[in-house]
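1. Sequence and predicted structure are below.
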Amino acid sequence: MTTQTNKETRGFETEAKQLLQLMIHSLYSNKEVFLRELISNASDAADKLRFQALSKPDIYENDTELKVIIDFDKDAGTLSITDNGIGMDRDDVISNLGTIARSGTAQFLQSLSGDQKKDSQLIGQFGVGFYSAFIVASEVEVITRKAGTPASDAVRWVSAGEADYSIENAERASRGTTVILKLRDDAKEFADPFRLRQIVKKYADHISIPVLLPKQATDEKQDAETEYEAVNDAKALWTRPRTDVSEEEYTEFYKHISHDFESPLTWSHNKVEGKLEYTSLLYLPARAPFDLWNRDGVRGLKLYVQRVFIMDQAEQFLPLYLRFIKGVVDSNDISLNVSREILQKDPAVDSMRSALTKRALDMLAKLKKDDSEKYAAFWKEFGQVLKEGPGEDFGNRESIAKLLMFASTHEGSKGQDQGLEDYVARMKPEQDKIYYLIADSEKAARSSPHLEIFRKKGIEVLLLSDRIDEWLMSHLHEFDGKSLQDITRGDLDLGKLDNEEEKKAQEKQEETLKPLLERVKTALDDRIKEVRVSHRLTDSPACLALAEDDMGAQMRKIMQASGQAVPESKPIFELNPDHPLIAKLDAEQDEERFGDLISLLFDQASLADGNELEDPARFSRQLNKLLLELCD
């Protein structure tokens, strides 16, 4: 219903209602973080005002001292957080406060496990920090006015965190936003001045604008004459020397800029002086965000120029395969009146991008060297994204390769992924290649017949099963001077790992089995590219191999799933000359029966490779026919 104040009541979306109920029923294990989120939002509003003021100085309205003021009233049980930042108009309020986590609410709700402690870690990944206010408040009121608009254009938003919220016009003399919380009975501790000071010092010491509390710490409520004092350090953390910043401060600053509720795995703080001058603070998150695989999503570092906030997601400073890195870069060499288009053409940005990429990779390398457990946690969350690197960043290909991890046949790995450096260190003296196998899953890889000769000779093979692995290996051809070899491709050549006697025996077998190979080729006709004697097998009767330049099954499936045309290719059929089944086939005189048996053997090899049968009905008929013969 609309009145003279243009008041209306709007309902939350169904998913928003669910999320609010989770908030209200203490989803967070630590309630005090609500204040961190509200102060962080206020700080962001101040940053946005500073940026707009670069082109519109009048937007300050003669109030250039940006700050956050916290007021409380013990008797009334209220707490308010006020900023003089950019503020919001009616459309902003409806967009930002009326719809919760617009891009991620459904995914968030699907990710909940029912474990409050675990679920609380998800909050920061879905952009719902403001709604943490409902953990401690039975009602939240927001009064806000956008900078540059008249006092009569202010907006009041009120909600009890249930089915709906109200929104109406209001009067506000100054720009900015005030969030007023009506505290629940079990949250009255947050109207205590000592408790508030403790929380501000803990979570907001690094924020670059002052957070003010009443000067008289014993006051239980304030009046118009109340004097305020800054409780936080109010100095941009990245501008301070590393030796002056504690681990706790680094951690809280990460949570401030990322809105993540989990501590980072590691970070790198660096100041560059000389031809280019800039400071960077890069963080490695502990958990992947829900939109990690959306390559078109919003990402990047917070960009400051001479400590003035410019933009939130400056993606120009790191390549896409490092999109999980969070942090800040503050430059003295970029124009204050910067735009994304200018950034893309600025040579200084190119130099900074190159240096920041190297620093991010060095940070990962140091973590891998110093803390294998943390690196394993990183790899589990972000490994597949890092695998995009060799194809996108030729200059850093070797550095990225040192960070890659794979499952392996090495007996001492105990299920732990292995790096390429580990593999090279264990190579046999006469070995000149790094061998790998690509399959749909690690289990399928471990049971592949292609591993048989490698097991016999004790040669380690890397087992690749991520959907990106075939694409990765098409760009990663060598490491540490050793070429990488797919053991399912081409004619297997183990080089010096084969002795002369074995080679002579193989040549003799090939000559002896020529007539059999001709019969097999005739029987399978256009289903295969060629048939040959296998040097890979010790136990299985047959296997399928790929031609050197043919597309593998993994890439074919990806292209088919995306609706792209897949180039036609046929497998190479290899027979194990030492297997008794091959000897029996060679002795088979009935050509029809020979054809059925060879077709079954081919389909069996195809299934062992993880492929779908071209004609499952034919396979069933031939198998049933064979079973009937055996039963007679």
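-> Structure received. Residues are numbered from 1 along each chain as shown.
2. the domain parsing of this protein - what is it?
-> 8-233, 242-369, 405-496, 500-547+567-631 (automatic domain parsing).
3. Residue 376: which of these is closest?
-> With Cβ to Cβ as the criterion, residue 376 lies closest to domain 405-496 of those, at 7.1 Å. Backbone N, C-alpha and C define where each C-beta goes, glycine included.
4. Any idea which helix or strand in the chain has the lowest mean pLDDT?
-> Least confident helix or strand of the chain, by mean pLDDT, DSSP states H and E, is helix 116-120 with a mean of 49.
5. which stretches of this structure have low pLDDT?
-> 1-5, 12-29, 98-129, 216-225, 295-298, 336-344, 632 (pLDDT under 70).
6. Contacts only, for residue 88.
-> 96, 144, 145, 146, 155, 177 (Cβ atoms under 8 Å, 6 or more residues apart in numbering).
7. now with 10 Å?
-> Going by Cβ atoms under 10 Å, 6 or more residues apart in numbering, residue 88 touches 45, 94-97, 142, 144-147, 149, 154-155, 157, 176-177.
8. Need phi/psi at the closest residue to residue 96 other than its chain neighbours.
-> Nearest non-adjacent residue to residue 96, counting by Cβ to Cβ, 6 or more residues apart in numbering: residue 88, 6.6 Å away. The phi/psi pair for residue 88 (degrees, to the nearest 10) reads phi -140, psi 150.
9. do the same with residue 481
-> phi 80, psi 0.
10. Settle this for me: it is touching residue 432, isn't it.
-> Yes: counting by Cβ atoms under 10 Å, residue 481 does reach residue 432; the two are 9.0 Å apart.
11. quick one: which of these two has more around it?
-> When residue 481 and residue 432 are compared for neighbours, residue 432 comes out ahead with 14 against 7, by other Cβ atoms under 10 Å.
12. Surely the more buried one touches residue 459?
-> No: Residue 432 is not in contact with residue 459 according to Cβ under 10 Å; the separation is 11.7 Å.
13. where do the contact lists of these two overlap?
-> With contacts taken as Cβ under 10 Å, 6+ apart, the residues that reach both residue 432 and residue 459 are 494, 497.
14. And the contacts of residue 88, which of them are buried?
-> Buried members of these, counted by 16 or more other Cβ atoms under 10 Å: 45, 94, 96-97, 142, 144-147, 154-155, 157, 176-177.
15. Nearest to residue 564 among those residues?
-> residue 96 (39.5 Å).
16. So the closest one: helix, strand or coil?
-> Assigned by DSSP: H, G, I helix; E, B strand; the rest coil, the conformation of residue 96 is helix.
17. what's it in contact with, if anything?
-> 41, 88, 102, 130, 142, 144, 157.
18. Which members of those are the farthest-apart pair?
-> Farthest pair in the contacts of residue 96 (Cβ to Cβ) is 102 and 144. Separation: 18.9 Å.
19. Return the distance of the residue nearest to residue 96 relative to residue 260.
-> Here the criterion is Cβ to Cβ, to the nearest Å. By it, residue 88 lies 24 Å from residue 260.
20. Which SSE is immediately downstream of the least confident helix or strand of the chain?
-> Later in the chain than helix 116-120, the nearest helix or strand by DSSP states H and E is strand 137-145.
21. Convert that following strand to CSV, keeping the C-alpha atoms and dropping everything else.
-> Taking Å, rounded to 0.1, in the frame of the first residue of the first chain, the C-alpha atoms of strand 137-145 are listed here in CSV:
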residue,chain,number,x,y,z
ALA,A,137,19.0,-8.1,15.7
SER,A,138,15.3,-8.8,15.9
GLU,A,139,14.8,-5.8,13.5
VAL,A,140,17.2,-4.0,11.2
GLU,A,141,16.5,-0.4,10.0
VAL,A,142,18.6,1.3,7.3
ILE,A,143,18.4,5.0,6.6
THR,A,144,20.5,6.2,3.7
ARG,A,145,20.9,9.0,1.2
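22. mind listing what it pairs with, with the direction of each?
-> Each strand paired with strand 137-145, and its direction, by DSSP bridges: strand 154-159 (antiparallel), strand 176-183 (antiparallel).
23. Please tabulate these in a markdown table and include distance to residue 533 as additional columns.
-> Below are the strands paired with strand 137-145 laid out as a markdown table (distance: least, Cβ to Cβ, whole Å):
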| stretch | distance to residue 533 |
| --- | --- |
| strand 154-159 | 76 |
| strand 176-183 | 77 |
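24. Minimum distance to residue 627: which of those strands has it?
-> When the strands paired with strand 137-145 are compared by Cβ to Cβ, strand 154-159 sits nearest residue 627, at 69.9 Å.
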